[in-house]
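>>> fold the stuff below for me.
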Amino acid sequence: MKNTLIGLAAGLVMSAVAGAAYAFPDGPVTIVVPFPPGGATDTTARLMEAKMAAALGGNLVIENLPGATGSIGAGRVAAAEADGQTLMVASLGTFATNPYLQKNLAYDPVKDFDLLTVAVRTPNVLVANPQFEAADVAALVEAMKAEPATVTFANSGTGSSDHLTAALFWQATGTEGVHVPYKGGSAAQTDLLGGHVDVSFQNLGAILTYVQGGQMKALAQTGETRHSMLPDVPTLKELGYADVVVNSWQGVAAPKGLPAETKTKLNEALQVSLKDPGIVEEFGKLGFEVVANSNEEFASFLTQEMARWKGVIEKAGIQPE
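Predicted structure coming up:
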């Protein structure tokens, strides 16, 4: 009898220890944003923060670790323990194009992360400074063909979504523009507003106020269909450039190897936070559409995105730095 009681007690202790080992969250969950505060990635994380924390029953801490198009922060997350306590919200560039643009990358976006969801997406908009002569895409293409490599395209940096969208546009139209990289979208927008560069592909939310105020003119957008915030601006697809359908997107990931229970809880918390009507509305005001897809859908989508942008990068001759 004594041995039976001892065995039972030991079993209860082991069960309690096992339960404690799988307790999640165990303290604050850190969401790494591999970009500076204030950008699209940072905004995505902060809009999700409160609802996701409530769904997890714990606290969330956002940590900005900018540098090298997100690769510094992503490398840190890839090396973290796979216990769900460290997550990452990052962009198309961090997930899909850094492997082809950076030498000796400290992470593999497929092998080193559990891909949880594509949170949101937004189209890019082809905008021009008001003084630029071309009033539409047809006139822009005509001008670029008449005088090759003279129209300047501002972007937020080599390999950024806006740079690669421009490269894809040049390939689709048989033209060539002048690549003018800046350190971030804000700097590119400032010079566009000042008339120092001609055109740029920028996230809808970043330039909407300027377009509405007449400080920039929108020539086209890159979504599958026209966005409700710019109903009078045609898509490049409807103008005959079916391959130039591009969305900038933000995805959520964790270090590879999450325990099944932890992954399930994170997935549930992400769905609750992203699909909350108030959060959907807030994202909508910024030009973002909530996606909130499954782990499997994110993985399949990333495979397609990586293949697509690898082709664009190789065709454009963009070399890893």
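
>>> quick one: residue 224 from residue 289, how far?
The spacing between residue 224 and residue 289, counted by C-beta to C-beta, to the nearest Å, is 11 Å. (Each C-beta comes from the backbone N, C-alpha and C, glycine too.)

>>> so between these two, which is more surrounded?
Neighbour count, other C-beta atoms under 10 Å: between residue 224 and residue 289, residue 289 has more, with 17 against 13.

>>> quickly list what the more buried one is bridged to.
residue 121 (DSSP bridges).

>>> you'd agree it is up against residue 122?
Yes. Counting by C-beta atoms under 8 Å, residue 289 touches residue 122, with 6.7 Å between them.

>>> find the residues that touch each one of these two.
With contacts taken as C-beta atoms under 8 Å, 6 or more residues apart in numbering, residue 289 and residue 122 have no neighbour in common.

>>> which residues of the stretch 101-250 of the chain fall in strands?
113-128, 152-155, 178-181, 199-203, 217-221, 247-255 (DSSP state E, counting those that start in this stretch).

>>> okay, angle between the longest one and strand 199-203 too, please.
In terms of direction (axes from the mean of the first three to the mean of the last three C-alpha atoms, to 10 degrees), strand 113-128 departs from strand 199-203 by 140 degrees.

>>> residues contacting residue 80?
Applying C-beta under 8 Å, 6+ apart to residue 80 gives the contacts 86, 255.

>>> now the helices for the stretch 151-300 of the chain?
For the stretch 151-300 of the chain, helices defined by DSSP state H, counting those that start in this stretch occupy the ranges 161-173, 185-193, 204-212, 260-274, 277-285, 295-316.

>>> list the buried residues for the fifth one?
Taking 16 or more other C-beta atoms under 10 Å as the basis for neighbour counts, the residues of helix 277-285 that come out buried are 279-280, 283.

>>> go through the residues you listed and name the one nearest residue 167.
Closest to residue 167 out of the buried residues of helix 277-285 is residue 283 (27.7 Å), distances taken as C-beta to C-beta.

>>> my guess is that closest one meets residue 289, correct?
Yes. Taking C-beta under 8 Å as the definition, residue 283 is a contact partner of residue 289 at 7.4 Å.

>>> who touches both of these two?
Counting by C-beta under 8 Å, 6+ apart, the shared contacts of residue 283 and residue 289 are residue 120.

>>> coming back round to it: looking at the buried residues of helix 277-285, spot the one nearest residue 186.
Nearest member of the buried residues of helix 277-285 to residue 186, counting by C-beta to C-beta, is residue 283, at 20.2 Å.

>>> pLDDT weak spots in the stretch 201-321 of the chain?
Within the stretch 201-321 of the chain, the set of residues satisfying pLDDT under 70 is empty.

>>> let's see it at 90
Confidence mapping of the stretch 201-321 of the chain against pLDDT under 90 gives the ranges 318-321.
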